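**Student:** Give me the fold of what follows.
(2 chains)
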Amino acid sequence: MSDFTLRATNVHKTFAGPKGTSVAAVNDMSLEIASGEFVALGGPSGCGKSTILLIAGGLLRPDQGEVEIMGTRPYEIDAARRASIRAKHIGFVFQQFHLVPYLDALDNVLAPTLARALPGAEDKAKALLEKFGLTDRRHHVPSSLSVGEQQRVALARALLLEPQLLLADEPTGNLDPENADSILDHLAGFAKEGGTVLMVTHDKRAAGRASRSIRMEKGSIAESVS
Amino acid sequence: MNLRRLIGREILHRKLSFGLAVATIATSVAGLVAVVALLGAHDLRTSKMLTRMNEETSAMEAKFTKEMKAYEDDVRKTMKGLGFNIFIFPEGQELSEVYAEGFASKTMPESYAATLAESNIVTVNHLLPSLTRKLKWPERERTVILIGIRGEVPIAHRDPKKPLIDPVRKGRIVLGHELHRSLDLKEGNATVFMGREFIVDKCHPERGTKDDITVWMHLGECQELLGEEGRINAIKALECNCATIDRLGEIRREIAGILPGTKVIETESKALARAEARNKAKKHSQSSIASKKAEAIKLQADRTQLRFEDKEKYTALLTVVILGAMAWVSFLSFANSRDRQAEIGILRAMGISTGSILGALMGRAFLVGLFGAGLTLLFAFLLSETLKATLHEFDLRSLRGDIPLVLLSVPVLSCAASWLPALQAANRDPATILRNE
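**Tutor:** Residues are numbered from 1 along each chain as shown, chains lettered A, B, ... in the order given. As a prediction, the model looks like this:
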């Protein structure tokens, strides 16, 4: 077993641009994140932050380079097994929350069990909702929840299957400072309990809550501050 | 959480989209039910028409047969009186005397009739020996024609035929109209004739012929009264079978071979015209029946053709309806998948397999088909009683045997229509979705 939860080596990813051009979103980037680390990934828009997050999540195959998640190279196995690795080891949190609009908070939290069965899932989901202060909101659909509540539901969903790696893309981007702090507290708590967090953020204050802060420019790491 | 719950929640959330798809399926299933019902109604209606027509034809045939039988009987009896018949007179009888008097003065043995009957004669059917005399009824002072008859002599080599003339029983007499009217005699009255008492057996209606002054009695009694035991003066042969133009010549030749010297004359041939009329009537009736039968056969053929044409039309229409419905369901499924793009992206990101996503989308499509078909069938059955009159008594409930097939095939078709959009949605790259979202 690797010491690193996530290791990306010389990763390169290019997207097709207008008129046949190509845009290098990630350019020969290497990154290693150990268990218990809370890493913030910052940088200007279009610097490749979200792209590296998707690559790290086994969702976007890099053009070049190697990626290893919990000792497994996701892009060297088939899509079904890659999906299984995501279900087993990775949790996602997005700026837009991406909650399923017709499921209430509890069912949204339980949605990952569609991928992987978890004994006592409902009790665990209820416990997570309680932990995030959403007990009385668990039967509300996303449209009747505040943005802060929605993000907490999304975070609870990401944590239900007890992943080793939590990938968060601008998790506080739509939140007021109070709700943002709450989410950051939970992310930090998750890392403190041994989990690994890779968070993309523009917010310097959010980045300040991480144990390591990486600044990207033009698809590469410009600065890494612990 | 499971797929059933996910599908159920999604349907409840997007009621309009689901309802539209269900309505589409329901419409096409209604089209299917309508086609089956219309064809069933057509079958029922034409079947009733055919049954009625067959019944009419059978009734017409039965009526015709009965009428023809009665008519034939009538004609046979008429022929006896009118003549497509012959008389056989004794040897040496002057025919001029017969024509003048109406009967022969000479006699011949009664056994001639038996001889004729026991021969292989083929040209005559009914043999009636008789003894006729014109005389004065002494007790009544009336000139009468006395005819002794004994009924028909059965022809040995033929099957017995229905007798044309009823014999007069012994001790009975039958009177012509003028006699019973003027003598005030009625059936059952007793009267004395030539010293012997007889009971009036029958009184004939007026015929305007010599029959009106005729007394019929049993041949044996007549012979006794006239002192002519075992003698007759004529044998009447009825319903001659000759098909040739020279029928009389043929009959004469045959009888001469059996009873040499006897004289044969043919009575008037008005019956021929009657027989022709009968044949024409028979032909006309047969032609009517044949025409009715042909009409029934044509109706049957028209029915088959019409059903075939109707089925083709309906099938074409139904195909358009089903294809249209499938296209619309496909479009709705595509729209649904688009609406759920972000959801599908995040579910895929969470590690939910393409198969599960496809299962959720196809499960919804299956339910669309099931609800659409089920609702239509439910309404069809609920309205079956009301629609019966419109459908010529065709009962929609008679389709209940097809329910399992419809409830299975329609959801399968709905799934088929949704397959491509669902497959496309389930296979969409989650990274692309999430980046674009």
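**Student:** Got the confidence number for B:Lys270?
**Tutor:** Listed pLDDT for B:Lys270 reads 54.
**Student:** Would you mind listing the buried residues in the helix or strand hosting A:Gln150?
**Tutor:** In the assignment (DSSP states H and E), A:Gln150 maps to helix A:147-159. Across helix A:147-159, burial judged by 16 or more other CB atoms under 10 Å in any protein chain shown covers A:148-159. Using the backbone N, CA and C atoms, a C-beta is placed for each residue, glycine as well.
**Student:** Among those residues, which ones lie close to chain B?
**Tutor:** Among the buried residues of helix A:147-159, proximity to chain B is found for A:Arg157 (CB under 8 Å from any CB of the partner chain).
**Student:** what's the farthest-apart pair in the buried residues of helix A:147-159?
**Tutor:** Farthest apart among the buried residues of helix A:147-159 by CB to CB are A:Gly148 and A:Leu159. That separation is 16.6 Å.
**Student:** Chain A against chain B: which residues are in contact?
**Tutor:** A:50-51, A:54, A:57, A:59-60, A:79-80, A:83-88, A:90, A:92, A:94, A:96, A:98, A:100-103, A:107, A:110-116, A:121, A:141, A:157.
**Student:** right, and B:Phe18 touches B:Ile11 too?
**Tutor:** Yes - counting by CB atoms under 8 Å, B:Phe18 touches B:Ile11, with 4.8 Å between them.
**Student:** any common contacting residues for the two?
**Tutor:** Residues touching both B:Phe18 and B:Ile11 by CB atoms under 8 Å, 6 or more residues apart in numbering or on different chains: B:364, B:367.
**Student:** Close to chain A: what parts of chain B are there?
**Tutor:** Contacts of chain B with chain A, taken as CB under 8 Å from any CB, map to B:1-3, B:5-6, B:9-10, B:12-14, B:342-343, B:345-354, B:356, B:430-431, B:434-435, B:437.
**Student:** And the residues you listed, which of them are buried?
**Tutor:** For the residues of chain B next to chain A, buried by 16+ other CB under 10 Å: B:1, B:3, B:6, B:9-10, B:14, B:342-343, B:345-354, B:356, B:430-431, B:434-435.
**Student:** Pull out the buried residues from stretch A:16-32.
**Tutor:** For stretch A:16-32, a neighbour-count test (16+ other CB under 10 Å) marks A:24-27, A:29, A:31 as buried.
**Student:** Kindly reformat these as JSON lines containing distance to B:Ile265, secondary structure and pLDDT.
**Tutor:** Formatted as JSON lines, the buried residues of stretch A:16-32 follow (distance: CB to CB, whole Å; DSSP: H, G, I helix; E, B strand; the rest coil; pLDDT from 0 to 100):
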{"residue": "A:Ala24", "distance to B:Ile265": "136", "secondary structure": "strand", "pLDDT": "85"}
{"residue": "A:Ala25", "distance to B:Ile265": "133", "secondary structure": "strand", "pLDDT": "87"}
{"residue": "A:Val26", "distance to B:Ile265": "135", "secondary structure": "strand", "pLDDT": "90"}
{"residue": "A:Asn27", "distance to B:Ile265": "139", "secondary structure": "strand", "pLDDT": "89"}
{"residue": "A:Met29", "distance to B:Ile265": "140", "secondary structure": "strand", "pLDDT": "91"}
{"residue": "A:Leu31", "distance to B:Ile265": "141", "secondary structure": "strand", "pLDDT": "90"}
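**Student:** of those, closest to chain B?
**Tutor:** Comparing those against chain B with CB to the nearest CB picks out A:Ala25 as the nearest, at 9.7 Å.
**Student:** so who does that closest one touch?
**Tutor:** With CB under 8 Å, 6+ apart, A:Ala25 has these contacts: A:13-15, A:46, A:48, A:51, A:219.
**Student:** do the same with B:Pro109
**Tutor:** Neighbour list for B:Pro109: B:230-232 [criterion: CB under 8 Å, 6+ apart].
**Student:** Now A:Asp169: phi and psi?
**Tutor:** Backbone geometry at A:Asp169, expressed as degrees, to the nearest 10, gives phi -110, psi 110.
**Student:** What score does it have for pLDDT?
**Tutor:** 88.
**Student:** what are the C-alpha coordinates of the stretch of helix or strand A:Asp107 belongs to, in PDB please?
**Tutor:** Here A:Asp107 sits within helix A:105-110, counting by DSSP H and E. The C-alpha coordinates for helix A:105-110 follow below in PDB (Å, rounded to 0.1, in the frame of the first residue of the first chain):
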ATOM      1  CA  ALA A 105     -32.000  15.400   2.200                       C
ATOM      2  CA  LEU A 106     -31.800  11.900   3.700                       C
ATOM      3  CA  ASP A 107     -32.200  10.100   0.300                       C
ATOM      4  CA  ASN A 108     -29.600  12.400  -1.200                       C
ATOM      5  CA  VAL A 109     -27.200  11.400   1.500                       C
ATOM      6  CA  LEU A 110     -28.100   7.800   0.900                       C
END
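**Student:** List the contacts of that helix.
**Tutor:** With contact meaning CB under 8 Å, 6+ apart, helix A:105-110 is reached by A:99-100, A:121-122, A:125-126, A:128-129, A:134, A:137-142, A:145, A:149, A:153-154, A:156-157, A:160, B:1, B:5, B:9.
**Student:** just checking, which of these belong to helices?
**Tutor:** Using DSSP state H, the members of those that fall within helices are A:121-122, A:125-126, A:128-129, A:149, A:153-154, A:156-157, B:5, B:9.
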